[in-house]
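Asker: quick one, structure for this:
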Amino acid sequence: MPPAPETSAAPEPAPPFPRTFWTANTTELFERAAYYAMASFVVIYLGRLGLGKYWPSTLNGLLWTLVYFLPILSGTIADVVGFRRSLLVAFVLLAIGYFFMGYPVWLGGATLLPQAGMEITATAREVAPVLLALLLIGMGGSIIKPCISGTVQKTAAARATLGFAIFYMVINIGSLTGRGTAYLVRTRTSISAIFAVAAVCCVIAFFVVLLFYADPDQAAAPTGAPAKPKRRVGRILLDMFLVLGNLRFALFLLVSSGFFFLYAQVYNVLPLYLEKVVQKEPPVDIYTMANPFVIVFFQLLITKLFGKMRPIRSMVVGAVIIAVAFLLNVVPLFMGGGVRVPLWELIPVGALFVVLTVALVAFGELFTSARTYEYIGALAPKGQEGLFLGYANLPMAIGSLVGGPVGAAIFNEVMCKGAVPLESGLLQLKPGSATAGWCILMGIGVASAASMWVYNWWLERQEAREAMAS
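Answerer: Here you go, the predicted structure:
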């Protein structure tokens, strides 16, 4: 009797992600919901609070800078004290910060202007809580980032790619949830209610961490295992000088920050343009939903179609896309009726083009953001990849810091030059001035793409010379 044919054993199913992985992602969902509940309206709120035409965008840029720069230090502190304690502290800071953002209206006696004003009318009574709020939100947000991404990395193990795909999807689901909830609440109350939504999300996240989150190091470490050595803050500061002293990396930070400068204008120039030019009481939170929608529905497709494209080429494509996105807003300026003509009585045509801009910016992000990490990893000296990747958010910090005040200047001094106030309270822009402003933004994107290409060409020549010399 012949032996029975051997059958290959079915592969064992992959073990499920541990509870801490899902707890961390749930926490991230509420944190992103909190942030994006108010992100689209910060410059409008601060303008209506009486901070004039420059300070709202400048302070918003400062907030983004804190969120993206401070993780260099806060991530180190979180490693020392543990992720769980750090997250609890972070959500306390965030909840208090969002409370103080709304404090001038809720308890400080401030009355919001019907529209963001041009002159500074706010007093120290309104400004002081806002400055404290920005500091607390920046500090709290900077702690969240390394803790959650670190938890995903440690708990996903060999399935890190799938783990971070889930993580990125959760970020955008949180973004959609926060914007949608904020819209429902503020349209039934007032614009300051967006900060109450954000604070409540942070309180919920605090209790999720308190009741369900376990520090991944403590959960995975066997009893009696030696403690992992922790990096000190002094070491981090020395590493910062080491990283920024690398000419190739420092130049890359500069050339890539142009993309993030334009990305920041989604939350600086576009809200101002919508409120002051296109539409009274614009639903900016709904319009900017185009960003997470595009990422959620097109991330896998873009990765499949263009994932093999060289990182620098992908980043150049992303910069060109974001440049074209802002130039689109020239089109309604020369249409019959201008930017305020309603389209099917649903949305002004100018607002429709803003939505298209936000959607295209998201496509640019799909081509650029993830590939930036890949490019930095290849750019770093061998054995220092992790060190250099720790500073990968610096282009976003640089772009945000510069983007706030410069974006406000482009809008107020270029686009609005010679604008005529209408009875509705909106501005009638001169087509030539408005076109010049949009073209400047497009030019920054094109310059960023060109500088990336030139930088990569220079880097390849440098590497070729070093290879010949060795």
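
Asker: use CA for all of it now, contacts and neighbours both
Answerer: Will do.

Asker: using CSV, write out every CA atom in the helix or strand residue 31 falls within.
Answerer: For residue 31, the host element (DSSP states H and E) is helix 19-39. The C-alpha trace of helix 19-39 is given here as CSV (Å, rounded to 0.1, in the frame of the first residue of the first chain):
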residue,chain,number,x,y,z
ARG,A,19,-4.7,45.0,23.9
THR,A,20,-2.2,47.8,24.4
PHE,A,21,-1.9,48.2,20.7
TRP,A,22,-5.7,48.8,20.3
THR,A,23,-5.8,50.9,23.4
ALA,A,24,-3.0,53.1,22.0
ASN,A,25,-4.9,53.5,18.7
THR,A,26,-8.2,54.3,20.5
THR,A,27,-6.3,57.0,22.5
GLU,A,28,-4.8,58.4,19.2
LEU,A,29,-8.3,58.5,17.7
PHE,A,30,-9.6,60.8,20.5
GLU,A,31,-6.4,62.9,20.6
ARG,A,32,-6.7,63.6,16.8
ALA,A,33,-10.4,64.2,17.1
ALA,A,34,-9.6,66.8,19.8
TYR,A,35,-6.9,68.5,17.7
TYR,A,36,-8.9,68.6,14.4
ALA,A,37,-12.1,69.7,16.1
MET,A,38,-10.5,73.1,16.5
ALA,A,39,-7.6,73.2,13.9
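
Asker: mind checking how far the very next helix or strand once past that helix is from the chain centre?
Answerer: Sequence-wise, the next helix or strand downstream of helix 19-39 (DSSP H and E) is helix 42-48. With C-alpha atoms, centre = their mean, to the nearest Å as the basis, helix 42-48 stands 18 Å off its chain's centre.

Asker: how about the closest residue to residue 49 other than its chain neighbours, secondary structure?
Answerer: Once flanking residues are discounted, residue 49 sits nearest to residue 112: 5.2 Å by C-alpha to C-alpha, 6 or more residues apart in numbering. Look at residue 112: counting by DSSP: H, G, I helix; E, B strand; the rest coil, its state is coil.

Asker: quick one: residue 112 from residue 452, how far?
Answerer: Distance, residue 112 to residue 452, by C-alpha to C-alpha, to the nearest Å: 43 Å.

Asker: who has more neighbours out of those two?
Answerer: A side-by-side neighbour count of residue 112 and residue 452, using other C-alpha atoms under 10 Å, places residue 452 first with 23 against 19.

Asker: buried residues in the helix or strand containing residue 196?
Answerer: For residue 196, the host element (DSSP H and E) is helix 193-212. The neighbour-count check on helix 193-212 (16 or more other C-alpha atoms under 10 Å) flags 193-206, 208-209 as buried.

Asker: report the angle between it and helix 19-39.
Answerer: Taking axes from the mean of the first three to the mean of the last three C-alpha atoms, to 10 degrees, one finds helix 193-212 and helix 19-39 inclined to each other by 170 degrees.

Asker: check which helices and strands helix 193-212 sits against.
Answerer: helix 19-39, helix 83-106, helix 160-186 (3 or more C-alpha pairs under 8 Å, 6 or more residues apart in numbering; DSSP states H and E).

Asker: next one: the strand or helix carrying residue 137 to chain centre, how far?
Answerer: Assigned by DSSP H and E, residue 137 belongs to helix 124-156. From the chain centre to the centre of helix 124-156 is a distance of 13 Å (C-alpha atoms, centre = their mean).
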